[in-house]
Every structure is written in structure tokens, then in C-alpha cells.
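Chemist: what would the 3D arrangement of this be:
(chains A, B, C and D, ligands or ions: 2)
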There are 2 protein chains.
Amino acid sequence: MAIFSKTCEYAIRAVLYIAHKSALGKRVGIKDIAAGIDSPELYLAKILQDLSRKGIISSVKGPNGGFYIENGSLSKPISDIVEAVDGNALFYGCALGLKQCSEIQPCPLHDQFKAIRDQIKDLLFTTTIGAFNQELLAGMLALKK
Amino acid sequence: MAIFSKTCEYAIRAVLYIAHKSALGKRVGIKDIAAGIDSPELYLAKILQDLSRKGIISSVKGPNGGFYIENGSLSKPISDIVEAVDGNALFYGCALGLKQCSEIQPCPLHDQFKAIRDQIKDLLFTTTIGAFNQELLAGMLALKK
DNA sequence: ACATTAAAGGACAAGAATATCTTTTATTAT
DNA sequence: ATAATAAAAGATATTCTTGTCCTTTAATGT
Ligand code: FES
Ligand code: FES
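Modeler: Ligands and ions are numbered 1, 2, ... in the order given. Okay, the predicted model is just below:
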């Protein structure tokens, strides 16, 4: 098992793709994005519809339409995407699936896992959607397989 | 999404349950285990069959039969269970689902994620199945919801 | 030997995640 | 106004995960 669902992996890659194109004032169509991140086009369309409804990305229909990200949204954390798609189990859930993670009745992995989980939170809560724009434009980071 | 599959959560909880009972020389039946870790009995039976085939736990049929763990196996790492059930994507896979995690064509989260992934590996590779036996016997750790 | 017990094995069912297809709605350019 | 474009929406298909049921096999005690 990976750390994110496949849907969430597509979502993050797509949002980062849109973000760096969007920083240039360009809107991008679903075909472009799907090709850019190597994902099934029609499935990705569903995911982006959802992110659009949730206000993480924006879109316009019609000619020259497409997806884009408000400048203000570039400073939103990656965790917003994760939470929208996978929920917050990764941030607050018990590693071993107990109903709730608790200090009082901890599971065997609790102490060590909590430290790791805090770092995952830290990574996702403090890294913004726009953080990689330069490196993405420079081609130093990959979004496709 | 949680960090382990539900199947893997059941597997780890069950193995730890068997381990601490087993340290007392007791074998435990599937009913006992399922009640002890709060899991669907028949599904758990399938999971334990699999772990038994893979040599992580042992079993005997018939009266006074049940599951147990060889003393030697108590020193096996938890990662053996995870790998048997969820594979090794968590240890070696790319956070964003790229075909392979690479230093040369890293995904945006690579640098930071690698550090976290290394800690997950460290936790699971160095923590043994038997490590929690005392605390489990003392009732200081929980395995059920 | 025989009956009883408990896991192993195979088949099936329900649900969720992933993926595709078709129609509708909004926007733009002519 | 009209035609063309592109996302939204709704419906359906496929695959994987999770869960259950039923029969078989192996071990034990009498
Ligand atoms: S109780 Fe399991 S991680 Fe906290
Ligand atoms: S390339 Fe994505 S985690 Fe290494």
C-alpha cells in the first residue's frame, strides 16, 4: 500500500501541474493535464470536478477555458488536497486501525508512530501548492511516470 | 486513507495478540483472536491462513489446536507482516505514485518524503513481533477498538 | 476405529476504488 | 443568434478489497 490513494496521487500531481502553468497566467484543459501527469483523462476529470467544487482549483467552460488556480490558492497547503480526497485518517488515525488514537489506551505502535505521523502532518501542512513552481518550470521535478 | 490496509491492520493486531499468548505457551483459536482484536472472524481466518502459509505464524488443527508463534519468530520484525500483506510500496514507492522513486527524476515531495519513509522503514524493520509482550500482558497496550 | 474439534481451502457476495461513456450546461467567437 | 468548445453531471463498467459461507483435511481424545 502506498501512503496516498491513487486518486489522491493524481489529484496532487494535477494540482501542482495546474499551479505552475497557472503562475504563467495560462489555463489548462483536461487533455493537457492528463497528458502532463500521465493519468486516465476521464477519471482525472472527475477528480478535478470534485476539487473545483471544493474550491481548491477553479475552472471556466468554453473556448480557451480550462482549469487554473487563484493566486491566493497557491499558498494553500498540500494537506488541503489530501484532506479533500483521502480525508484526515492519515493525520489523526491510529496506525493499527483502532477506533481512535489515544494516549490513554494506545496501540503498540502508538508512541513511535505518532512521531512519524507528526512529521507527515508537518510536511503536508507547511508545504504549499505553489512551492514547487520554479522547479517545475525548470523541469527539475517530475510529475509523470 | 490510513497508512496500512485494513487487512494489514488486522494482521498486525492478530499477530501481536497471538505472540503474547504464545509466550505463555498457549495456542489460541480463531474465535479467541477475533474477539481479542475486534475483527470479523471469518475474514481474519483467511488472513491468518495466509500468514501461516508464509511462515510468519504456525498452527495446529484439532482439539486444543490453534495458532501460535515459534519462539524464534518473536524476533522477526513487524515489517515481515506488512510486506506479506501490503507489499513493499510503503518502503520503496514514490509518494506521488511515479513508476519509481528516483533521485534523478524526483517528484516534488521526494526529498522530504524520503526522510519520513526512512523512519517508517526504521520503525517497522527494527521493531520485533515479540517486543510488546510484557506490556500486552500487563494490559498497558490496546489491540481492540 | 470413531466422533469431535479446529484450521485449510474453495467459492461466492458485498462494497469501495478506479475507470469509462454519454448527455447537459456554460462560455466564447463568429 | 448560432456554432464550437470545454467543463459539469449523471450513468455505467471494471477491478480490488473486504467479508461470508460451505466443504475438506488434519489432529486429538475416547
Ligand atoms: S493508538 Fe494507535 S497510533 Fe495512537
Ligand atoms: S520520487 Fe516521489 S518519493 Fe521519490
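Chemist: how about the strands of chain A, start to end?
Modeler: Using DSSP state E, the strands of chain A run over residues A:58-60, A:66-68.
Chemist: does the last one reach DNA strand C?
Modeler: Meaning strand A:66-68. No: on the criterion C-beta under 7 Å from any atom of the strand, strand A:66-68 is out of touch with DNA strand C, staying 10.4 Å away. For the C-beta atoms, the positions are set from N, CA and C on the backbone; glycine is no exception.
Chemist: mind giving me the packing neighbours of that strand?
Modeler: Other helices and strands packing on strand A:66-68, by 3 or more C-beta pairs under 8 Å, 6 or more residues apart in numbering or on different chains; DSSP states H and E, are helix A:6-22, helix A:30-37, strand A:58-60.
Chemist: tell me where chain A has helices.
Modeler: A:6-22, A:30-37, A:41-53, A:79-86, A:89-92, A:110-126, A:133-137 (DSSP state H).
Chemist: flag every buried residue along the second one.
Modeler: By that I understand helix A:30-37. Neighbour-count burial for helix A:30-37, counted by 16 or more other C-beta atoms under 10 Å in any protein chain shown, picks out A:30, A:32-34, A:36-37.
Chemist: by how many degrees do that helix and helix A:6-22 diverge?
Modeler: On the basis of axes from the mean of the first three to the mean of the last three C-alpha atoms, to 10 degrees, helix A:30-37 is oriented at 100 degrees to helix A:6-22.
Chemist: helices and strands around helix A:30-37, which ones?
Modeler: helix A:6-22, helix A:41-53, strand A:66-68.
Chemist: ok, and does that helix reach over to DNA strand D?
Modeler: Yes: under the criterion of C-beta under 7 Å from any atom of the strand, DNA strand D is reached by helix A:30-37 at A:30-31.
Chemist: restricting to C-alpha, output that helix in CSV.
Modeler: What follows is helix A:30-37, C-alpha atoms only, in CSV (Å, rounded to 0.1, in the frame of the first residue of the first chain):
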residue,chain,number,x,y,z
ILE,A,30,-8.1,18.3,-19.0
LYS,A,31,-6.4,16.7,-22.0
ASP,A,32,-3.3,18.7,-21.4
ILE,A,33,-3.2,17.9,-17.7
ALA,A,34,-3.9,14.2,-18.2
ALA,A,35,-1.0,14.0,-20.6
GLY,A,36,1.2,16.1,-18.4
ILE,A,37,0.8,13.9,-15.4
